[in-house]
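K.L.:
generate a structure from the sequence data that follows.
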Amino acid sequence: MRAKFPVVHQKEGENVWVTYVKNQIKKKNNCLNSVWVGPPGSGKSYGLLSFLCLFEPDLELEGNWFFDAQSFIKAIKEDYKRGKVWGFDEAGIDFHNLDYHNELNRGLNAFLQTSRHRNYIFGFTVTYMSFLSKGVRKLMNTKMTAKMWNKNNQTIIEPRKLEFNDEKDKFYKKRLIVKKADGLWYFCNRILLPKPKKQLLIEYEKRKKEFTDNLYDQIEKNLESLRDKQQKKNGGTINSLRLEYLELLSDNSYEDIATIKVVSEGYVSQIKKKLEKDGVVFETKKTGKGLNIINRGIYSLKNEVLEVNRK
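P.N.:
As a prediction, this is how the structure comes out:
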């Protein structure tokens, strides 16, 4: 039988997709461009991390795992090690950012087209394939769909080889045909990936938290900036967000406010500086938490501001 599907000979003790990728790199001087898809909580990030560890058991996140496009693009430009593994997690955040959506797709397109000889193993996670431009999708050769976990805490993945037919302008998703030593064969419908090592997960969750904290801080800053612009457009009404922080600063430490508002202490410090630009004068309390407010600046008309905001 002449198979129209990709074929791999089963190797005892090794994941069949690991065997297939190794053969593609060794025999065809190829690389792995994989996209890991699935809704939030489906296991795509842990799945990708676990899969990369099958190629590099002592994988370190530093220099190999990224949460933002700028760091990733810089790394692939500077690190030319052959056979390197790359993970770009939460790529959908940057792909969905319209400010540089096109530039990111352009950068990835260039990387995928020109770097095959580096024999890298690359995967990134997105919620939907539609986050990628068609140009990037055409260059992906593997799609991994996360399907949650089984009772043994293994991530269930549906792997497919991607092929694009340019004449028909159509994508084909193909399963691996796995040939066994006894001559029998079967289609690989899914693979099971073990949970990554505990220490690696601790480091991953730490970096993920830093990423999300910075992301939320940036979102809040952007919202505040938009609110400021709208207030100026409407006649320069007083910033209600800063007024809220002013009240919090009078009775709480930076740490307490950061916990209450779910922001970083650095962000609280930035708000305090903006309040000072608005004419507020603070004085450190000799006892207790918070700061003495010597002069409320433009916020001395507190009651009037609240009334304006109600309207």
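
K.L.:
report the distance from stretch 6-24 to the chain centre.
P.N.:
Relative to the mean C-alpha coordinate of its chain, stretch 6-24 is positioned 28 Å out (C-alpha atoms, centre = their mean, to the nearest Å).

K.L.:
list the contacts of that stretch.
P.N.:
Outside stretch 6-24, the residues that touch it by C-beta atoms under 8 Å, 6 or more residues apart in numbering are 30-32, 51, 54-55, 121, 159, 161, 174, 176-181, 188, 191, 193. For the C-beta atoms, the positions are set from N, CA and C on the backbone; glycine is no exception.

K.L.:
enumerate the positions of the one helix or strand Lys147 maps to that are buried.
P.N.:
Assigned by DSSP states H and E, Lys147 falls within strand 142-149. Residues of strand 142-149 classed as buried: 142-146, 149 (neighbour count, 16 or more other C-beta atoms under 10 Å).

K.L.:
what's the answer for stretch 284-291, then?
P.N.:
Under the neighbour-count criterion of 16+ other C-beta under 10 Å, stretch 284-291 has 290-291 buried.

K.L.:
quick one: mean pLDDT for it?
P.N.:
Along stretch 284-291, the predicted confidence averages to a pLDDT of 82.

K.L.:
may I have it as PDB, with CA atoms only?
P.N.:
Taking C-alpha atoms only, stretch 284-291 is exported to PDB below (Å, rounded to 0.1, in the frame of the first residue of the first chain):
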ATOM      1  CA  THR A 284       5.000  60.000  55.900                       C
ATOM      2  CA  LYS A 285       3.100  59.000  59.000                       C
ATOM      3  CA  LYS A 286       5.100  58.600  62.200                       C
ATOM      4  CA  THR A 287       2.800  55.700  63.300                       C
ATOM      5  CA  GLY A 288       0.300  53.600  61.400                       C
ATOM      6  CA  LYS A 289      -0.100  52.800  57.800                       C
ATOM      7  CA  GLY A 290      -0.500  55.100  54.900                       C
ATOM      8  CA  LEU A 291       0.500  58.700  54.300                       C
END
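
K.L.:
picking that back up, the strand holding Lys147 pairs with which strands, and in what direction?
P.N.:
Counting by DSSP bridges, the strands paired with strand 142-149 are strand 32-37 (parallel), strand 155-165 (antiparallel).

K.L.:
winner for burial among these?
P.N.:
Here the criterion is mean neighbour count by mean count of other C-beta atoms under 10 Å, and of these the winner is strand 32-37, at a mean of 24.

K.L.:
who's in contact with it?
P.N.:
With C-beta under 8 Å, 6+ apart as the contact definition, strand 32-37 has outside contacts at 21, 24-25, 44-45, 47-48, 112, 120-129, 132, 137, 139-146.

K.L.:
give me the contacts around stretch 62-69.
P.N.:
Under C-beta under 8 Å, 6+ apart, the answer for stretch 62-69 is 49, 52, 56, 72, 75, 79, 84-91, 93-94, 100, 104, 107, 204, 207-208, 211.

K.L.:
in space, what's closest to Gly135 - neighbours in sequence excluded?
P.N.:
With sequence-adjacent residues excluded and distances taken as C-beta to C-beta, 6 or more residues apart in numbering, Gly135 is closest to Asn109, at 5.0 Å.

K.L.:
what is the burial count for that neighbour?
P.N.:
16 (other C-beta atoms under 10 Å).

K.L.:
that one: what secondary structure?
P.N.:
Three-state call for Asn109 (DSSP: H, G, I helix; E, B strand; the rest coil): helix.
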